[in-house]
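Trainee: fold the following.
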Amino acid sequence: MPGPVFFYFALVAVATLATAVYFAVKPSERTLGFLRPLCTATTFSALAAFFAGVTNGLVALAHVGTASLTVVLPMFAEAPIPLVAGFAVVSVSWLLVAVGLRRQAA
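Mentor: Sure, this is the predicted structure:
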């Protein structure tokens, strides 16, 4: 089960995507100004969730020991998921910004 850091990341990512969709539909400078820090917050919350996952894996490794690596290795395999998801959200958000800027120019 994901921890509270991952839920914070998911909340920030959804807010970023929703704002990007809103900007693509109804572009304005105010929304764009709000979207830039949201993308930064998404990136940093993804990093925080990644490091929290790595930390959880290291704590589990300290408790279990090296005898049972099959329990700990999946934790390290799941740690990069927030990074991949976060960068995907930021990428899609900026593609939507490009659509909004194109609509704004027309």
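Trainee: residues contacting the residue nearest the centre of the chain?
Mentor: Central residue of the chain (CA atoms, centre = their mean): G86, 2.6 Å from the mean position. G86 makes contacts with 9, 13, 42-43, 45-47, 49, as judged by CB atoms under 8 Å, 6 or more residues apart in numbering. Where you see a C-beta, it was placed from the backbone N, CA and C, and this is true even at glycine.
Trainee: hmm, S93 is touching A18, no?
Mentor: No. Judged on CB atoms under 8 Å, S93 makes no contact with A18 at a distance of 9.7 Å.
Trainee: circling back: widest-spaced pair of the contacts of G86?
Mentor: A13 and L47 (12.7 Å; CB to CB).
Trainee: out of those two, which sits in the busier spot?
Mentor: For A13 versus L47, neighbours defined as other CB atoms under 10 Å are more numerous around A13 (24 against 14).
Trainee: can you find the helix or strand in this structure with the smallest mean pLDDT?
Mentor: helix 69-78 (a mean of 78; mean pLDDT, DSSP states H and E).
Trainee: could you list the buried residues of the longest helix anywhere in the chain?
Mentor: Within the chain, and with DSSP state H defining each element, the longest helix by residue count is helix 29-64. Buried residues in helix 29-64, counted by 16 or more other CB atoms under 10 Å: 31-32, 35, 38-39, 41-43, 45-46, 48-50, 52-53, 56-57, 60-61.
Trainee: also stretch 8-18?
Mentor: Residues 9-10, 12-13, 15-17 are the ones in stretch 8-18 that count as buried (16+ other CB under 10 Å).
Trainee: using TSV, lay out those residues together with secondary structure and pLDDT.
Mentor: Below are the buried residues of stretch 8-18 laid out as TSV (DSSP: H, G, I helix; E, B strand; the rest coil; pLDDT from 0 to 100):
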residue	secondary structure	pLDDT
F9	helix	93
A10	helix	94
V12	helix	96
A13	helix	96
A15	helix	97
T16	helix	97
L17	helix	96
